[in-house]
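Chemist: no sequence on this one, just coordinates:
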Ligand SMILES: [Zn+2]
């Protein structure tokens, strides 16, 4: 089971490193393009996969915007602001043109609003595309200036890979039952990018199911997996328990310069009066299997 868990989230850590550093390299491909309402897909050769990507991207766009409570604000990504999706003819040309590592199936450039992959990549169609789109939509909405914890950004992107939600809830409950979750305070301050030494054991604070403080001894892989799992679960909690409109309102407060704590306690004041109560209510949600 542990091995399965590792594979489930470790990929996103690797992807995350790329999300921060990627630029889509110029290429010698002769591109054709297909335009939709919010996307332009560039491709070479047959257009079958490009059409599939364009259709899915528009479906994902509507779902993500609705989940995050953004439809009423979502006049972005139209006309000249459309997101460009580049589909290289094959894996080799994608890797050589973008300079991505060999395990990569896709990448995103947030500044240029470009997403790239290669023709026929099922991993991209089902998983990376909604993940990267959620990052782009979220960042368009909250901007880059506010105090945005890393877990919130990654949590939104993972939550929007919708088929994985059931598994996220199931795994979070398993972690909670063996008192294996990081404390919320630790989630707020942990910069996962600093986890560079795979052979190290990391000592992190936990909050047990009974609300007591404790200590976890975690391998690097386990720490990364726990962090990503909790990120997705915390976002799912906010959206499922208190709705998309409140979540959008919360994001607007962050964009307008409130700290995370100020934004949280002002928007969710009816339910949450402190960071400790936020953690308690989230643990209750996890304990009930995400209900
Ligand atoms: Zn990500």
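Modeler: Good, I have the coordinates. No experiment lies behind these values; they were computed from the predicted model shown. Residues are numbered from 1 along each chain as shown.
Chemist: So which residues of this protein form strands?
Modeler: With DSSP state E as the criterion, the chain has strands at 32-35, 39-43, 83-88, 107-109, 114-118, 201-207, 213-219.
Chemist: The fifth one near the ion at all?
Modeler: No. Residues of strand 114-118 contacting the ion under Cβ under 5 Å from the ion: none, with a closest distance of 12.0 Å. In short, each C-beta sits where N, CA and C put it, glycine included.
Chemist: Ok, the shortest one next?
Modeler: No. Using Cβ under 5 Å from the ion, no contact is recorded between strand 107-109 and the ion, whose separation bottoms out at 8.3 Å.
Chemist: Quickly run through the sheet partners of that strand, with directions.
Modeler: In the sheet, strand 107-109 lines up against strand 114-118 (antiparallel) (DSSP bridges).
Chemist: The longest helix anywhere in the chain versus strand 201-207: what angle between them?
Modeler: Looking across the chain with DSSP state H, the single longest helix is helix 220-242. Comparing the axes of helix 220-242 and strand 201-207 via axes from the mean of the first three to the mean of the last three Cα atoms, to 10 degrees yields an angle of 20 degrees.
Chemist: for helix 220-242, packing partners?
Modeler: helix 2-21, helix 150-159, helix 165-177, helix 184-189, strand 201-207, helix 244-255, helix 275-287 (3 or more Cβ pairs under 8 Å, 6 or more residues apart in numbering; DSSP states H and E).
Chemist: again, only this time at 6 Å
Modeler: Packing contacts for helix 220-242, counted by 3 or more Cβ pairs under 6 Å, 6 or more residues apart in numbering; DSSP states H and E, involve helix 2-21, helix 150-159, helix 165-177, helix 275-287.
Chemist: centre of the chain versus stretch 100-111, how much separation?
Modeler: When C-alpha coordinates are averaged (Cα atoms, centre = their mean, to the nearest Å), stretch 100-111 and its chain have centres 14 Å apart.
Chemist: ok, back up a step: least reliable of the helices and strands packed on helix 220-242 going by mean pLDDT?
Modeler: Ranked by mean pLDDT, the helices and strands packed on helix 220-242 bottom out at helix 2-21, with a mean of 57.
Chemist: Report the buried residues of stretch 227-246.
Modeler: 227-242, 244, 246 (16 or more other Cβ atoms under 10 Å).
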